[in-house]
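**Student:** Kindly generate the corresponding structure for this input.
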Amino acid sequence: LLEPTFVRGSVLTPRLLLTAGSLWVIGGAVLWLSRRLLPRELSRRAQFLGVTAAVLILLIPATPPQLWMQESLLEENIHQLIHAAYAGPSALPLSTVNEAKRLLHAKRRQDLDGTLIVKQKPRANVLIITVESLSEDVLRRGWMPYLQKLADENLHYVQYINPNITTIRGLYAQVSGDETYFGRYGRDGIVKRIADRRLDAVALPQLLNKEGYETVFMQSAELGFQNKKGVMEALKFRYVIGDTKPTPGNRFSEWGIDDPSLYANAGKMIEGFEKERPDGRWMLLLMTAGTHHPYNVDPSFRPDLPLRPRSYRYADEAIKGLVKWLESTGRKKNTLLIVTGDESRDTHKSQQGIGQVISRNEGLLVIVTPDNERKRIAAPYLQSDLPISILDYLDIAPPTKLGGRSLFRDYREFRPIVFSDYAQSALYALAAPGTLLNCDTEQWECSRYALSSDTLFDLTQSFTPEPMNGAMMHAIYDNNRRDWLGAP
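**Tutor:** A predicted model of the protein is given here:
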């Protein structure tokens, strides 16, 4: 609870401080009035009712209950007051709004005009391993030597950006090509957006279903947390599987089965598919939980290591075992293997200021193709580029509504990128080469940074700040918020 990023991002925010202050004022007023105006017996009852009311105010949700980000009615009202106080001009200049729209269009548009860097393989199987809280920083620390070997010998994307934090936001971007920023959408908000915008029709599972693939989302933990069951079913995975009591496997924490057990169960499912349809194809997205505190690791595994690095080494050995299984069974020669993460909570401790803060959005992506193509790719990509990239590799024409760039192509032209960190109310944009824009979306304090390196998360990166007018970033924020709320 005292980790600096958590304190800054989740505790020392105006909304939370004003919420706490409001409750102290309300509680103090009830206590004072009850003592002054009521007999002792009635005073005690009034105090009890006051405390109960304060608790209910915190518990009454502003939107349908949220398992991962509960927000009360009082907090939402305070959030709106803060946003109104700092939002700047009520009407942004039309030129600014149009500039923001042009930037967002350039970021979102479908772009398959680049030069292919791999050989496409129609009807290859697809296996996506999403490791909890996996980022480039884990490789830098040397915690996953086998994954580092895979990165060195295959396709390694060193500027892979997570558009936001939390598991469900990362998974949603990976599968749908859509992104979440700042809306507090409730437990069912993503499901509602999928239905309202018919995003299932352009999401990866549904597109592959139509191509005859068996599509599976399988995770180590149970499915209720963050409503993964609802989201993945809305995105039209044919099978959505989480941990239940009958699920075979080892459990060393409350986060379900461990990584080797998850991969073993996935292997059995693959074998079942191939037995039923020898010429069939499959796409599996596997979400681990072993590297989530309190860490799901066999106590006998490397007891000499501290618990967190030990969990990543355990995850590394599990990936190694899965790859060896693909090789020994001959499946690797027709499987596109993708190793990535859902989110990153690590920060670059060697950097200060903005360099440390944005590292919370640094992801990791390693791709092993059947032909073992090898390249280190420094161009920036987003999690939401993954669906169109997989279709591109399989030589499947994507629907026009699915945007993004292909990870398997080389592009000469710069593409703007927008990402965020809702916990810190931060909005970022790579709006031009060598330029990072950053705004605090509660107080609307914005800065422009000149970058010394083309790679945003380079540890040698220096950030030269310049004050800036945040109108264009405010227009980007408003555009996204209206888009998610379904406003015109």
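**Student:** Name all residues that make contact with the residue lying closest to Lys119 once chain neighbours are set aside.
**Tutor:** Leaving aside its chain neighbours, Lys119 sits nearest to Asp371 (5.5 Å; criterion: Cβ to Cβ, 6 or more residues apart in numbering). C-beta here means a position set from N, CA and C on the backbone, and glycine is covered the same way. With contact set as Cβ atoms under 8 Å, 6 or more residues apart in numbering, Asp371 has these partners: Val118, Lys119, Lys121.
**Student:** Lys333 versus Asp371, what's the distance?
**Tutor:** 9 Å (Cβ to Cβ, to the nearest Å).
**Student:** Local confidence estimate at the residue nearest to Lys119?
**Tutor:** We note a pLDDT of 97 for Asp371 in this prediction.
**Student:** so it, which of the three states?
**Tutor:** Per DSSP: H, G, I helix; E, B strand; the rest coil, the secondary structure class of Asp371 is coil.
**Student:** gap between stretch 115-128 and the chain center?
**Tutor:** 24 Å (Cα atoms, centre = their mean, to the nearest Å).
**Student:** any idea of the mean pLDDT for it?
**Tutor:** Across stretch 115-128, pLDDT averages out at 98.
**Student:** same thing with stretch 193-212?
**Tutor:** The model assigns stretch 193-212 a mean pLDDT of 94.
**Student:** CA atoms only: put that stretch into CSV for me.
**Tutor:** The C-alpha trace of stretch 193-212 is given here as CSV (Å, rounded to 0.1, in the frame of the first residue of the first chain):
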residue,chain,number,x,y,z
ARG,A,193,-20.3,-1.4,-25.8
ILE,A,194,-19.7,-4.6,-27.7
ALA,A,195,-23.4,-5.1,-28.1
ASP,A,196,-24.2,-1.5,-28.9
ARG,A,197,-21.5,-1.1,-31.5
ARG,A,198,-21.7,-4.7,-32.7
LEU,A,199,-17.9,-5.1,-32.1
ASP,A,200,-18.2,-8.8,-31.9
ALA,A,201,-18.5,-8.8,-35.7
VAL,A,202,-15.1,-7.4,-36.1
ALA,A,203,-13.4,-9.0,-33.1
LEU,A,204,-10.8,-11.7,-33.7
PRO,A,205,-12.8,-14.7,-32.3
GLN,A,206,-15.8,-14.2,-34.4
LEU,A,207,-13.8,-13.6,-37.6
LEU,A,208,-11.9,-16.8,-37.0
ASN,A,209,-15.1,-18.7,-36.1
LYS,A,210,-16.2,-17.8,-39.6
GLU,A,211,-13.0,-19.3,-41.0
GLY,A,212,-13.7,-22.6,-39.3
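**Student:** Endpoints of stretch 117-127, how far apart?
**Tutor:** By Cα to Cα, to the nearest Å, the extent of stretch 117-127 from end to end equals 20 Å.
**Student:** Mind listing what's buried along that stretch?
**Tutor:** If you call a residue buried by 16 or more other Cβ atoms under 10 Å, then stretch 117-127 has these buried ones: Val118, Lys121, Ala124, Asn125, Val126, Leu127.
**Student:** Over to stretch 266-275?
**Tutor:** For stretch 266-275, by 16+ other Cβ under 10 Å, it's Ala266, Gly267, Met269, Ile270, Phe273, Glu274.
**Student:** surely the third one meets Phe217?
**Tutor:** No. The pair Met269 and Phe217 does not pass the contact test of Cβ atoms under 8 Å, sitting 11.5 Å apart.
**Student:** Give me the common contacts of these two.
**Tutor:** By Cβ under 8 Å, 6+ apart, the residues touching both Met269 and Phe217 are Tyr239.
**Student:** so where do the helices sit in the stretch 351-488 of the chain?
**Tutor:** Remark: helices assigned in the stretch 351-488 of the chain by DSSP state H, counting those that start in this stretch are 354-358, 386-393, 471-485.
**Student:** which of those helices is buried the deepest?
**Tutor:** Highest mean neighbour count among the helices of the stretch 351-488 of the chain (mean count of other Cβ atoms under 10 Å): helix 386-393, with a mean of 24.
**Student:** tell me the average confidence for it?
**Tutor:** 98.
**Student:** Kindly report the same for stretch 460-473.
**Tutor:** Across stretch 460-473, pLDDT averages out at 89.
**Student:** Would you indicate which residues of that stretch are buried?
**Tutor:** Within stretch 460-473, the residues that count as buried by 16+ other Cβ under 10 Å are Gln461, Phe463, Met468, Gly470, Ala471, Met472, Met473.
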